[in-house]
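>>> Have a look at this prediction, sequence included:
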Amino acid sequence: METPTRLLIPISKLLSSNKPHITPLSQSFLLHTSPDSWDCRFPLHQQRGQHILINPSVLDAIVRKAGVSPDDSVLEVGPGTGNLTVRLLGAARHVTAVEIDGRMVEALRERVENLGLSHKLTVIRGDAMKIQFPSFNICVANIPYGISSPLIAKLLFGSYQFCTATLLLQKEFACRLTALPGDSEYNRFAANIRLVAEAELIMDVSKTDFAPVPKVDSSLVTIRTRNGGIIPADLNEWYGFTRVCYSKKNKTLGAIFKQEKMALELFKRSRSKKKNCINGEFVNIVDLESDGEGESEEKETKQMDPHELGLFKEKIGKVLEKVGFNQKKHSNITNEDLLCLLRAFKFQPRGSVLSIGHLCKFLINLGGRYWIVCQVLQCCREKCFQILQGVLKTVL
Ligand SMILES: C[S@@+](CC[C@H](N)C(=O)[O-])C[C@H]1O[C@@H](n2cnc3c(N)ncnc32)[C@H](O)[C@@H]1O
(Lines give C-alpha, C1' and ligand atoms only; values in the text may rest on other atoms or scores of the structure.)
Protein backbone atom coordinates (compact mmCIF):
# COMPACT_ATOMS: atom_id res chain seq x y z
CA MET A 1 0.00 0.00 0.00
CA GLU A 2 1.45 3.34 -0.99
CA THR A 3 1.47 6.22 1.52
CA PRO A 4 0.08 9.57 0.37
CA THR A 5 2.63 12.14 -0.75
CA ARG A 6 2.86 15.31 1.33
CA LEU A 7 2.59 18.54 -0.56
CA LEU A 8 4.22 21.35 1.33
CA ILE A 9 2.75 24.76 0.58
CA PRO A 10 4.88 27.65 1.98
CA ILE A 11 3.01 29.78 4.50
CA SER A 12 4.02 32.99 2.67
CA LYS A 13 2.14 31.79 -0.41
CA LEU A 14 -0.98 31.03 1.56
CA LEU A 15 -0.91 34.34 3.44
CA SER A 16 -0.48 36.30 0.23
CA SER A 17 -3.93 35.19 -0.86
CA ASN A 18 -6.69 37.75 -0.27
CA LYS A 19 -9.25 35.06 0.50
CA PRO A 20 -9.99 34.46 4.18
CA HIS A 21 -8.57 31.22 5.57
CA ILE A 22 -11.19 29.11 7.24
CA THR A 23 -8.77 26.60 8.78
CA PRO A 24 -6.42 27.96 11.44
CA LEU A 25 -2.86 27.94 10.12
CA SER A 26 0.14 26.56 11.83
CA GLN A 27 3.77 27.05 10.70
CA SER A 28 3.08 25.32 7.39
CA PHE A 29 0.07 23.80 5.77
CA LEU A 30 0.25 20.08 5.17
CA LEU A 31 -1.92 18.71 2.39
CA HIS A 32 -2.26 14.96 1.98
CA THR A 33 -2.66 13.98 -1.62
CA SER A 34 -2.92 10.68 -3.49
CA PRO A 35 0.43 9.05 -4.46
CA ASP A 36 -0.81 9.40 -8.04
CA SER A 37 -0.95 13.19 -8.01
CA TRP A 38 1.79 15.15 -9.72
CA ASP A 39 4.09 17.07 -7.36
CA CYS A 40 5.85 19.15 -10.04
CA ARG A 41 9.29 17.87 -8.97
CA PHE A 42 10.60 18.56 -12.50
CA PRO A 43 9.14 20.27 -15.58
CA LEU A 44 7.08 18.07 -17.90
CA HIS A 45 7.70 18.13 -21.65
CA GLN A 46 4.53 18.39 -23.72
CA GLN A 47 6.38 17.39 -26.90
CA ARG A 48 6.97 14.02 -25.23
CA GLY A 49 3.30 13.75 -24.36
CA GLN A 50 4.06 14.00 -20.64
CA HIS A 51 0.55 14.24 -19.22
CA ILE A 52 0.34 12.19 -16.03
CA LEU A 53 -2.88 10.29 -15.45
CA ILE A 54 -3.80 11.19 -11.88
CA ASN A 55 -7.33 9.87 -11.33
CA PRO A 56 -6.95 6.70 -9.21
CA SER A 57 -10.32 5.26 -10.23
CA VAL A 58 -9.44 5.60 -13.95
CA LEU A 59 -6.05 3.98 -13.33
CA ASP A 60 -7.71 1.08 -11.47
CA ALA A 61 -10.30 0.75 -14.24
CA ILE A 62 -7.60 0.47 -16.94
CA VAL A 63 -5.96 -2.49 -15.19
CA ARG A 64 -9.35 -4.12 -14.58
CA LYS A 65 -10.62 -3.61 -18.14
CA ALA A 66 -7.34 -4.86 -19.59
CA GLY A 67 -8.04 -8.11 -17.70
CA VAL A 68 -4.51 -8.32 -16.27
CA SER A 69 -3.99 -11.65 -14.48
CA PRO A 70 -1.16 -13.10 -12.31
CA ASP A 71 0.16 -15.08 -15.32
CA ASP A 72 0.58 -12.05 -17.53
CA SER A 73 3.81 -10.57 -18.73
CA VAL A 74 2.93 -6.94 -19.48
CA LEU A 75 4.57 -4.42 -21.80
CA GLU A 76 4.04 -0.80 -20.77
CA VAL A 77 5.18 1.99 -23.09
CA GLY A 78 5.73 5.37 -21.39
CA PRO A 79 5.32 4.52 -17.68
CA GLY A 80 6.12 8.10 -16.58
CA THR A 81 6.22 8.28 -12.78
CA GLY A 82 4.60 4.87 -12.49
CA ASN A 83 0.93 5.54 -11.65
CA LEU A 84 -0.19 2.75 -13.96
CA THR A 85 2.96 0.64 -13.46
CA VAL A 86 2.45 0.10 -9.72
CA ARG A 87 -1.09 -1.18 -10.38
CA LEU A 88 0.13 -3.44 -13.18
CA LEU A 89 2.82 -4.82 -10.87
CA GLY A 90 0.12 -5.64 -8.32
CA ALA A 91 -1.89 -7.62 -10.86
CA ALA A 92 0.67 -9.21 -13.22
CA ARG A 93 3.57 -11.64 -13.04
CA HIS A 94 6.02 -9.23 -14.66
CA VAL A 95 6.07 -5.77 -16.24
CA THR A 96 8.52 -4.42 -18.81
CA ALA A 97 8.32 -0.62 -18.94
CA VAL A 98 9.93 1.35 -21.78
CA GLU A 99 10.54 5.02 -20.98
CA ILE A 100 12.50 7.60 -22.94
CA ASP A 101 13.01 10.17 -20.17
CA GLY A 102 15.79 9.48 -17.65
CA ARG A 103 14.08 11.57 -14.93
CA MET A 104 10.95 9.44 -15.23
CA VAL A 105 13.02 6.25 -15.15
CA GLU A 106 14.64 7.36 -11.90
CA ALA A 107 11.31 8.34 -10.32
CA LEU A 108 9.75 5.04 -11.38
CA ARG A 109 12.62 2.91 -10.04
CA GLU A 110 12.57 4.70 -6.69
CA ARG A 111 8.80 4.33 -6.32
CA VAL A 112 8.79 0.64 -7.19
CA GLU A 113 11.76 -0.02 -4.91
CA ASN A 114 9.93 1.61 -2.00
CA LEU A 115 7.04 -0.76 -2.62
CA GLY A 116 9.38 -3.78 -2.68
CA LEU A 117 8.26 -4.72 -6.20
CA SER A 118 11.50 -4.20 -8.14
CA HIS A 119 11.90 -7.95 -8.73
CA LYS A 120 8.78 -7.87 -10.95
CA LEU A 121 9.83 -4.89 -13.06
CA THR A 122 12.26 -4.43 -15.95
CA VAL A 123 12.75 -0.81 -16.92
CA ILE A 124 14.22 -0.10 -20.34
CA ARG A 125 15.37 3.44 -20.90
CA GLY A 126 14.94 4.15 -24.59
CA ASP A 127 12.72 5.18 -27.47
CA ALA A 128 9.89 2.67 -27.86
CA MET A 129 10.03 3.19 -31.62
CA LYS A 130 13.68 2.22 -31.87
CA ILE A 131 14.09 -0.78 -29.59
CA GLN A 132 13.07 -4.41 -29.96
CA PHE A 133 10.57 -5.26 -27.20
CA PRO A 134 11.25 -8.36 -25.12
CA SER A 135 8.44 -10.96 -25.21
CA PHE A 136 5.12 -10.05 -23.57
CA ASN A 137 1.61 -11.42 -23.80
CA ILE A 138 -0.33 -8.22 -23.17
CA CYS A 139 0.40 -4.54 -23.57
CA VAL A 140 -1.24 -1.98 -21.27
CA ALA A 141 -0.22 1.66 -21.53
CA ASN A 142 -1.06 5.33 -21.40
CA ILE A 143 1.16 6.18 -24.33
CA PRO A 144 2.40 9.52 -25.69
CA TYR A 145 -0.23 10.27 -28.34
CA GLY A 146 2.38 11.44 -30.84
CA ILE A 147 3.51 7.85 -31.46
CA SER A 148 0.05 6.19 -31.50
CA SER A 149 0.07 5.15 -35.17
CA PRO A 150 3.65 3.91 -35.48
CA LEU A 151 3.49 2.14 -32.13
CA ILE A 152 0.31 0.24 -33.03
CA ALA A 153 1.85 -0.68 -36.38
CA LYS A 154 4.99 -1.87 -34.63
CA LEU A 155 2.97 -4.02 -32.23
CA LEU A 156 0.74 -5.53 -34.89
CA PHE A 157 3.14 -5.94 -37.80
CA GLY A 158 6.42 -6.31 -35.95
CA SER A 159 6.32 -10.09 -35.40
CA TYR A 160 5.33 -9.88 -31.72
CA GLN A 161 3.21 -12.70 -30.28
CA PHE A 162 0.66 -11.15 -27.93
CA CYS A 163 -3.09 -11.32 -27.27
CA THR A 164 -4.25 -7.80 -26.44
CA ALA A 165 -3.05 -4.22 -26.29
CA THR A 166 -5.15 -1.96 -24.06
CA LEU A 167 -4.11 1.60 -24.81
CA LEU A 168 -5.22 5.04 -23.78
CA LEU A 169 -5.42 7.09 -26.98
CA GLN A 170 -6.63 10.45 -28.20
CA LYS A 171 -10.41 10.20 -28.52
CA GLU A 172 -10.59 11.08 -32.24
CA PHE A 173 -7.82 8.63 -33.07
CA ALA A 174 -9.59 5.92 -31.05
CA CYS A 175 -12.79 6.53 -33.08
CA ARG A 176 -10.92 6.08 -36.35
CA LEU A 177 -9.16 2.97 -35.07
CA THR A 178 -12.37 1.27 -33.95
CA ALA A 179 -14.54 2.33 -36.92
CA LEU A 180 -16.30 -0.39 -38.91
CA PRO A 181 -17.09 -0.52 -42.64
CA GLY A 182 -20.03 1.83 -43.23
CA ASP A 183 -19.03 4.23 -40.40
CA SER A 184 -18.08 7.75 -41.49
CA GLU A 185 -14.63 7.43 -39.82
CA TYR A 186 -13.81 4.13 -41.53
CA ASN A 187 -10.67 4.52 -43.61
CA ARG A 188 -7.56 2.76 -44.86
CA PHE A 189 -5.93 2.83 -41.43
CA ALA A 190 -8.84 0.94 -39.81
CA ALA A 191 -8.88 -1.51 -42.74
CA ASN A 192 -5.15 -2.19 -42.35
CA ILE A 193 -5.52 -2.75 -38.60
CA ARG A 194 -8.53 -5.03 -39.11
CA LEU A 195 -6.43 -7.26 -41.34
CA VAL A 196 -4.76 -8.67 -38.23
CA ALA A 197 -6.79 -7.45 -35.23
CA GLU A 198 -10.05 -6.17 -33.82
CA ALA A 199 -10.24 -2.89 -31.95
CA GLU A 200 -12.89 -2.16 -29.32
CA LEU A 201 -13.70 1.15 -27.62
CA ILE A 202 -13.74 0.48 -23.85
CA MET A 203 -14.36 3.83 -22.15
CA ASP A 204 -13.83 7.55 -22.47
CA VAL A 205 -11.45 9.41 -20.16
CA SER A 206 -11.76 13.14 -19.52
CA LYS A 207 -8.82 15.50 -20.08
CA THR A 208 -9.30 16.70 -16.48
CA ASP A 209 -8.01 13.32 -15.24
CA PHE A 210 -4.50 14.32 -16.35
CA ALA A 211 -1.87 16.73 -15.03
CA PRO A 212 -1.16 19.02 -16.74
CA VAL A 213 -4.59 19.05 -18.41
CA PRO A 214 -4.13 18.33 -22.15
CA LYS A 215 -6.16 19.91 -24.97
CA VAL A 216 -7.83 16.65 -25.96
CA ASP A 217 -10.02 13.99 -24.38
CA SER A 218 -8.99 10.34 -24.41
CA SER A 219 -10.48 6.88 -24.90
CA LEU A 220 -9.36 3.48 -23.77
CA VAL A 221 -9.19 0.93 -26.59
CA THR A 222 -8.48 -2.79 -26.55
CA ILE A 223 -6.84 -4.25 -29.67
CA ARG A 224 -7.18 -8.04 -29.94
CA THR A 225 -4.92 -9.87 -32.37
CA ARG A 226 -6.56 -12.38 -34.69
CA ASN A 227 -5.33 -15.73 -36.05
CA GLY A 228 -2.40 -15.69 -33.61
CA GLY A 229 -1.05 -12.64 -35.43
CA ILE A 230 -0.79 -14.45 -38.78
CA ILE A 231 -1.20 -12.01 -41.66
CA PRO A 232 -3.62 -13.42 -44.26
CA ALA A 233 -2.02 -11.65 -47.24
CA ASP A 234 1.30 -10.52 -48.62
CA LEU A 235 1.56 -7.18 -46.78
CA ASN A 236 3.35 -5.45 -49.59
CA GLU A 237 0.57 -6.31 -52.03
CA TRP A 238 -2.10 -5.55 -49.44
CA TYR A 239 -0.70 -2.06 -48.72
CA GLY A 240 -0.48 -1.19 -52.38
CA PHE A 241 -3.95 -2.54 -52.90
CA THR A 242 -5.58 -0.64 -50.01
CA ARG A 243 -3.71 2.50 -50.99
CA VAL A 244 -5.39 2.30 -54.35
CA CYS A 245 -8.83 1.29 -53.06
CA TYR A 246 -8.95 4.05 -50.41
CA SER A 247 -7.46 6.80 -52.55
CA LYS A 248 -10.70 8.59 -53.51
CA LYS A 249 -13.42 9.01 -50.95
CA ASN A 250 -16.52 9.11 -53.10
CA LYS A 251 -15.47 7.15 -56.16
CA THR A 252 -16.43 3.59 -56.92
CA LEU A 253 -13.70 0.94 -57.12
CA GLY A 254 -14.38 0.68 -60.85
CA ALA A 255 -13.65 4.41 -61.34
CA ILE A 256 -10.56 4.30 -59.11
CA PHE A 257 -8.96 1.37 -60.91
CA LYS A 258 -9.54 3.02 -64.28
CA GLN A 259 -6.95 5.65 -63.34
CA GLU A 260 -3.55 4.99 -64.83
CA LYS A 261 -1.51 5.69 -61.70
CA MET A 262 -3.71 3.44 -59.56
CA ALA A 263 -3.32 0.52 -61.95
CA LEU A 264 0.39 1.25 -61.96
CA GLU A 265 0.63 1.16 -58.17
CA LEU A 266 -0.96 -2.27 -58.10
CA PHE A 267 1.13 -3.49 -61.01
CA LYS A 268 4.34 -2.31 -59.38
CA ARG A 269 3.51 -3.83 -55.98
CA SER A 270 2.48 -7.09 -57.54
CA ARG A 271 5.95 -7.47 -59.04
CA SER A 272 7.87 -6.37 -55.99
CA LYS A 273 9.85 -9.02 -54.17
CA LYS A 274 9.50 -7.34 -50.75
CA LYS A 275 8.00 -9.49 -48.04
CA ASN A 276 5.79 -8.79 -45.03
CA CYS A 277 8.65 -8.13 -42.66
CA ILE A 278 12.10 -7.12 -43.76
CA ASN A 279 14.74 -8.27 -41.24
CA GLY A 280 12.06 -8.24 -38.55
CA GLU A 281 11.45 -4.52 -39.12
CA PHE A 282 7.84 -3.43 -38.88
CA VAL A 283 6.27 -1.78 -41.86
CA ASN A 284 6.24 2.01 -41.87
CA ILE A 285 2.92 3.36 -40.64
CA VAL A 286 3.00 6.23 -43.12
CA ASP A 287 2.31 3.52 -45.62
CA LEU A 288 -0.51 2.19 -43.45
CA GLU A 289 -2.31 5.51 -43.28
CA SER A 290 -1.45 7.49 -46.39
CA ASP A 291 -3.57 7.42 -49.50
CA GLY A 292 -2.26 7.22 -53.04
CA GLU A 293 -3.01 10.82 -53.94
CA GLY A 294 -0.38 13.31 -54.98
CA GLU A 295 2.42 10.81 -55.48
CA SER A 296 4.40 10.93 -58.65
CA GLU A 297 4.66 7.72 -60.58
CA GLU A 298 6.09 9.37 -63.71
CA LYS A 299 9.47 7.64 -63.56
CA GLU A 300 7.93 4.21 -63.34
CA THR A 301 5.38 5.01 -66.07
CA LYS A 302 8.19 5.80 -68.50
CA GLN A 303 9.87 2.45 -67.82
CA MET A 304 6.64 0.49 -68.18
CA ASP A 305 5.66 -1.27 -71.38
CA PRO A 306 2.40 0.55 -72.28
CA HIS A 307 1.02 -2.56 -73.99
CA GLU A 308 1.64 -4.68 -70.89
CA LEU A 309 0.09 -2.04 -68.66
CA GLY A 310 -2.91 -1.76 -70.98
CA LEU A 311 -3.48 -5.52 -70.72
CA PHE A 312 -3.16 -5.33 -66.97
CA LYS A 313 -5.77 -2.56 -66.72
CA GLU A 314 -8.14 -4.46 -68.97
CA LYS A 315 -7.82 -7.48 -66.70
CA ILE A 316 -8.46 -5.41 -63.59
CA GLY A 317 -11.70 -4.17 -65.15
CA LYS A 318 -12.77 -7.72 -65.98
CA VAL A 319 -12.01 -9.02 -62.48
CA LEU A 320 -13.92 -6.14 -60.85
CA GLU A 321 -16.91 -6.87 -63.01
CA LYS A 322 -16.69 -10.61 -62.40
CA VAL A 323 -16.66 -10.28 -58.60
CA GLY A 324 -19.31 -7.53 -58.77
CA PHE A 325 -17.30 -4.78 -57.06
CA ASN A 326 -17.29 -2.26 -59.90
CA GLN A 327 -19.92 -0.05 -58.31
CA LYS A 328 -18.81 -0.50 -54.68
CA LYS A 329 -17.23 2.30 -52.64
CA HIS A 330 -14.46 1.62 -50.15
CA SER A 331 -16.39 3.11 -47.22
CA ASN A 332 -18.63 0.07 -47.09
CA ILE A 333 -16.33 -2.64 -48.34
CA THR A 334 -15.10 -5.18 -45.78
CA ASN A 335 -11.59 -6.64 -45.56
CA GLU A 336 -13.03 -10.02 -46.56
CA ASP A 337 -14.28 -8.36 -49.78
CA LEU A 338 -10.87 -6.78 -50.33
CA LEU A 339 -9.02 -10.06 -49.76
CA CYS A 340 -11.38 -11.78 -52.17
CA LEU A 341 -10.71 -9.08 -54.78
CA LEU A 342 -6.96 -9.26 -54.23
CA ARG A 343 -7.06 -13.03 -54.70
CA ALA A 344 -9.14 -12.63 -57.84
CA PHE A 345 -6.47 -10.30 -59.25
CA LYS A 346 -3.71 -12.68 -58.27
CA PHE A 347 -5.16 -15.65 -60.10
CA GLN A 348 -5.33 -14.02 -63.51
CA PRO A 349 -2.81 -15.77 -65.78
CA ARG A 350 -0.28 -13.46 -67.43
CA GLY A 351 -0.08 -9.73 -67.04
CA SER A 352 -1.05 -10.15 -63.42
CA VAL A 353 0.46 -10.83 -60.04
CA LEU A 354 0.79 -14.51 -60.77
CA SER A 355 4.49 -15.24 -61.12
CA ILE A 356 5.82 -18.34 -62.87
CA GLY A 357 6.80 -19.73 -59.46
CA HIS A 358 3.27 -19.21 -58.17
CA LEU A 359 1.81 -20.77 -61.28
CA CYS A 360 3.94 -23.90 -60.92
CA LYS A 361 3.03 -24.27 -57.26
CA PHE A 362 -0.62 -23.79 -58.18
CA LEU A 363 -0.42 -26.50 -60.84
CA ILE A 364 1.36 -28.94 -58.55
CA ASN A 365 -1.31 -28.32 -55.89
CA LEU A 366 -3.92 -29.13 -58.49
CA GLY A 367 -2.23 -32.43 -59.18
CA GLY A 368 -0.29 -31.30 -62.25
CA ARG A 369 2.56 -33.57 -63.26
CA TYR A 370 6.19 -32.54 -63.43
CA TRP A 371 6.27 -32.50 -67.26
CA ILE A 372 3.29 -30.13 -67.36
CA VAL A 373 5.05 -27.75 -65.03
CA CYS A 374 8.15 -27.94 -67.26
CA GLN A 375 6.00 -27.21 -70.31
CA VAL A 376 4.50 -24.19 -68.59
CA LEU A 377 7.93 -22.92 -67.65
CA GLN A 378 9.14 -23.37 -71.23
CA CYS A 379 6.10 -21.53 -72.63
CA CYS A 380 6.58 -18.66 -70.22
CA ARG A 381 10.26 -18.36 -71.12
CA GLU A 382 9.55 -18.39 -74.84
CA LYS A 383 6.43 -16.23 -74.42
CA CYS A 384 4.34 -18.86 -76.27
CA PHE A 385 1.16 -17.84 -74.58
CA GLN A 386 -1.20 -19.64 -76.94
CA ILE A 387 0.51 -22.97 -76.19
CA LEU A 388 0.46 -22.07 -72.52
CA GLN A 389 -3.29 -21.53 -72.67
CA GLY A 390 -3.66 -24.97 -74.26
CA VAL A 391 -1.54 -26.59 -71.55
CA LEU A 392 -3.51 -24.84 -68.83
CA LYS A 393 -6.80 -25.93 -70.34
CA THR A 394 -5.76 -29.58 -70.20
CA VAL A 395 -4.74 -29.29 -66.56
CA LEU A 396 -7.53 -27.10 -65.26
C1 LIG B 1 1.17 10.30 -21.38
S2 LIG B 1 2.62 10.06 -20.42
C3 LIG B 1 2.07 8.69 -19.50
C4 LIG B 1 2.67 8.57 -18.16
C5 LIG B 1 2.10 7.46 -17.31
N6 LIG B 1 1.96 6.23 -18.03
C7 LIG B 1 0.77 7.85 -16.72
O8 LIG B 1 -0.22 7.22 -17.08
O9 LIG B 1 0.71 8.75 -15.93
C10 LIG B 1 3.69 9.37 -21.68
C11 LIG B 1 5.06 8.91 -21.19
O12 LIG B 1 5.74 8.36 -22.33
C13 LIG B 1 7.09 8.79 -22.35
N14 LIG B 1 7.53 8.77 -23.77
C15 LIG B 1 7.37 9.72 -24.72
N16 LIG B 1 7.86 9.31 -25.91
C17 LIG B 1 8.35 8.06 -25.71
C18 LIG B 1 9.00 7.11 -26.53
N19 LIG B 1 9.23 7.36 -27.84
N20 LIG B 1 9.38 5.93 -26.00
C21 LIG B 1 9.16 5.66 -24.70
N22 LIG B 1 8.54 6.53 -23.85
C23 LIG B 1 8.15 7.71 -24.34
C24 LIG B 1 7.05 10.17 -21.73
O25 LIG B 1 8.30 10.55 -21.22
C26 LIG B 1 5.96 9.99 -20.65
O27 LIG B 1 6.54 9.55 -19.47
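Sure, I can see it.
>>> Any buried residues in stretch 154-166, and which?
Buried residues in stretch 154-166, counted by 16 or more other CB atoms under 10 Å: 154-158, 160, 162, 164-166. Every residue, glycine included, has its C-beta placed from N, CA and C.
>>> The lengthiest helix in the chain - contacts with which helices or strands?
If you go by DSSP state H, the chain has its longest helix at helix 306-323. With contacts taken as 3 or more CB pairs under 8 Å, 6 or more residues apart in numbering; DSSP states H and E, helix 306-323 sits against helix 253-258, helix 260-271, helix 335-346.
>>> between these, which has the poorest average model confidence?
When the helices and strands packed on helix 306-323 are ranked by mean pLDDT, helix 260-271 comes last with a mean of 66.
>>> ok, of the buried residues of stretch 154-166, which one's closest to the ligand?
Of all the buried residues of stretch 154-166, residue 154 has the smallest distance to the ligand: 10.8 Å, by CB to the nearest ligand atom.
>>> and the closest one, that's in a helix?
Yes. Under DSSP: H, G, I helix; E, B strand; the rest coil, residue 154 falls within a helix.
>>> distance of it from residue 325?
For residue 154, the distance to residue 325 (CB to CB, to the nearest Å) stands at 32 Å.
>>> do residue 209 as well
45 Å.
>>> Kindly report the same for residue 36.
Between residue 36 and residue 325 the distance is 52 Å, computed by CB to CB.
>>> Residue 129 now?
36 Å.
>>> neighbour-wise, which of these two wins?
Between residue 129 and residue 325, residue 325 has the larger neighbour count (other CB atoms under 10 Å), namely 21 against 15.
>>> Contact residues of the chain facing the ligand?
48-53, 77-80, 83-84, 98-101, 104, 127-129, 142, 144, 147 (CB under 6 Å from any ligand atom).
>>> cutoff 8 Å now
Applying CB under 8 Å from any ligand atom, one finds that the chain approaches the ligand through 36, 45, 48-54, 59, 76-85, 98-101, 104, 126-130, 141-147, 168, 210.
>>> Just the buried ones out of the residues you listed, please.
Buried subset of the residues of the chain next to the ligand (neighbour count, 16+ other CB under 10 Å): 36, 48-54, 59, 76-85, 98-101, 104, 128, 141-145, 147, 168, 210.
>>> Now the terminal residues of stretch 201-216, how far apart.
Terminal residues of stretch 201-216 lie 17 Å apart, using CA to CA, to the nearest Å.
>>> Stretch 140-149 too?
End-to-end distance for stretch 140-149: 16 Å, by CA to CA.
>>> Equivalent analysis for stretch 46-61, please.
Using CA to CA, the two ends of stretch 46-61 sit 25 Å apart.
>>> Over to stretch 192-211?
Note: stretch 192-211 ends 33 Å apart using CA to CA.
>>> Can you list the buried residues in that stretch?
Residues of stretch 192-211 classed as buried by neighbour count (16+ other CB under 10 Å): 192-197, 199, 201-202, 205, 209-211.
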